[in-house]
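Got a sequence here, can you build the structure:
(one chain, ligands or ions: 1)
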Amino acid sequence: MSQPEPARTLFALSPAEAETAVVRLGGRAFHARIARREACARGLLDYAAMTSLPAELRARLAAELPLVSARETARRTARDGTVKLLLAFPDGRTVETVWIPSRKSGTGATLCVSTQVGCPVRCPFCASGKDGLVRNLEWPEIVEQYLFGRAVGALARSVVMGIGEPLLNYANLLRALEFVRGELGLGARKITVSTVGFPERLERAAADDPAFQLAISLHSPDDEQRWELVPAMRGVPVEDVLAAGDRWFERTGRELTYEYVLLGGTNDSPGHAARLAARLRGRRASVNLIPYNPVDEAGYARPDAETAERFRRVLVDAGVVATVRWSRGLESDAACGQLRIRAGK
Ligand code: SAH
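Okay, the predicted model is just below:
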C-alpha cells in the first residue's frame, strides 16, 4: 500500500501554519484566516472568488498554495436532492462523498465521508470493498471532502459512513474531525462514526473518549452469519463486539447505535429479530435497520416494507429501540453500500 506525498495546500496546514505560509507569500496572517473562513463558512473553493483578499495575493495563493488537492470529477444529483461527488486526488485515486439534504428544507445537510480508498473488510453486500483496500486517506483528504461538501451547501451533521473502515485509519480520522469540530463548527454530537467494531481498537478508542457518536455495523446476531457478512471479523464472536460496545458506553457515557442491513431472505427472519433482541435487551444501544440497497454484483434481495416493519416490531416488543432507515439517494447510487472508487454508471 503506497501513500502519496501530502500535497502542499492551505488546508493541509494547521491554522497557525497557514498564517506563516501566507505571510511568507506576501500576505498578512489575517488573510489566512479569511481564506479559511471563506471556504468553511461560505463554501468558496477558489481564491478568485474571495474578493475580500487583495487581488495580487489571490493570484499568488492560487499559484503557490492551492486550497485543496482534489478535483471534483463527477457529480450526480438524485431526485430527492442528494448529491454524490466523485473526488480525484493528485495520485489519481478517487473516493465518493455524499451530501444528503435534510427532509425539512433549510436545516442543513448531512455529509457522508470516506476514510479509505477501497475497503479491506469486503462485506459481500457492499460495493465499496469489491476491490479491497487501495490506500488510506491522509487527513487533509478527509478534510477536503468536507470542503467540497460545504461548497454544495450548508452542513448540519456528518456521518463517517462512506468508503472504508474508519477504525483502520483512525489517526487520520481524528485529525480531520478536529478540523470539522473547530473550523467547520459541527459539534461532537453531530458527527457519527460507523465501524464494523474491531473490539480492541474500539476499546482503545473508547479509552480516550473521542468527540463523536459511535455506530457499529452488526448485521447478524449469529457468529457464523456475521463472519460471512463481515469477513474481516471472522473469528471474533458477536458477543465480544457487543461487550466492546458496552465498554464504549461505560467510558464515554454516550449510547451507541447498532446498524443492521436487512437482506431479504438472509438475515431478516423473525428468528433473527428475536435472537438480535435477546442480545441487545438491557444494553444501552438502539438499532438502525437499513433495508438493503441493490448493488449490481451482490445478488442480495431488498426486503419489503412489511418485512422490515415486522423485524422492527420484534425488537421494539422486546424493549429494544429500533428504527427502519430507508436510505436516500438510491436512484443515483448514492445510498449506503453503493459508493465505490470508480466513476459509476
Ligand atoms: N465501513 C463502515 C462504514 C460504512 S457505514 C461500516 O461498515 O460500518 C455504511 C453502513 O451501510 C454500514 O452499516 C454498512 O454495512 C451498510 N451497508 C453497506 N452496504 C449496504 C447496502 N448495499 N445496503 C444497505 N446498507 C449497506
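
Can you point out the buried residues in stretch 299-317?
For stretch 299-317, a neighbour-count test (16 or more other CB atoms under 10 Å) marks 300-301, 303, 307-308, 311-312, 314-315 as buried. All C-beta spots, glycine's among them, are computed from the backbone N, C-alpha and C.

Format these as a markdown table; extra columns: pLDDT, secondary structure and distance to Gln338.
A markdown table is the format used below for the buried residues of stretch 299-317 (pLDDT from 0 to 100; DSSP: H, G, I helix; E, B strand; the rest coil; distance: CB to CB, whole Å):
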| residue | pLDDT | secondary structure | distance to Gln338 |
| --- | --- | --- | --- |
| Tyr300 | 96 | coil | 13 |
| Ala301 | 95 | strand | 16 |
| Pro303 | 96 | coil | 17 |
| Thr307 | 97 | helix | 21 |
| Ala308 | 98 | helix | 18 |
| Phe311 | 98 | helix | 22 |
| Arg312 | 98 | helix | 23 |
| Val314 | 98 | helix | 28 |
| Leu315 | 98 | helix | 25 |
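
Make CSV out of those residues and add distance to the ligand.
Putting the buried residues of stretch 299-317 into CSV (distance: CB to the nearest ligand atom, whole Å) gives the following:
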residue, distance to the ligand
Tyr300, 7
Ala301, 11
Pro303, 11
Thr307, 14
Ala308, 12
Phe311, 14
Arg312, 16
Val314, 20
Leu315, 16
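
Run through the strands of the stretch 201-345 of the chain in chain order.
Secondary structure of the stretch 201-345 of the chain (DSSP state E, counting those that start in this stretch): strands located at 213-217, 256-262, 285-291, 322-324.

hang on, isn't Met50 packed against Ala41?
No. Using CB atoms under 8 Å, Met50 is not in contact with Ala41, being 11.6 Å away.

Looking at these two, which has the bigger crowd around it?
Met50 (22 against 13; other CB atoms under 10 Å).

burial of Phe179, as a residue count?
The local packing of Phe179 (other CB under 10 Å) involves 21 other residues.

Tell me the pLDDT of it.
The model reports Phe179 with a pLDDT of 97.

All further residue positions should be reported with the first residue as 31.
From this message on, residue numbering opens at 31, which makes the last subject Phe209.

and the residue of the stretch 31-180 of the chain nearest the ligand?
Cys156 (3.4 Å; CB to the nearest ligand atom).

Without its sequence neighbours, what residue ends up closest to that residue?
Excluding its sequence neighbours, the residue lying closest to Cys156 (CB to CB, 6 or more residues apart in numbering) is Gly367, at 4.4 Å.

Double-check Gly275 against Ser247; I have them as touching.
No. Assessed by CB under 8 Å, Gly275 is found out of contact with Ser247, at 11.4 Å.

rewinding a little: ok, of the buried residues of stretch 329-347, which one's closest to Pro96?
Proximity of the buried residues of stretch 329-347 to Pro96 (CB to CB) peaks at Tyr330, which lies at 41.9 Å.

was I right about that closest one contacting Phe155?
Yes. The criterion here is CB under 8 Å, and Tyr330 meets it with Phe155 at 5.0 Å.

Common neighbours of these two, please.
Common neighbours of Tyr330 and Phe155, using CB atoms under 8 Å, 6 or more residues apart in numbering, are 293, 322.

Close to the ligand: what parts of this protein are there?
Proximity of the chain to the ligand, by CB under 6 Å from any ligand atom, involves residues 151, 153, 155-156, 191, 195, 224-226, 247, 289, 291, 320, 322-323, 325, 366-367.

Tell me who's in contact with Pro154.
By CB under 8 Å, 6+ apart, the neighbours of Pro154 are 258-259, 261, 328, 330.

ok, 6 Å please
Residues counted as contacts of Pro154 (CB atoms under 6 Å, 6 or more residues apart in numbering): none.

so where does Arg63 fall, helix or strand?
Using DSSP states H and E, Arg63 falls within helix 59-72.

Report all helices and strands that that helix contacts.
helix 45-54 (3 or more CB pairs under 6 Å, 6 or more residues apart in numbering; DSSP states H and E).

Let me know the average pLDDT across the helix it packs on.
For helix 45-54, the mean per-residue pLDDT is 97.

No more questions from me, cheers.
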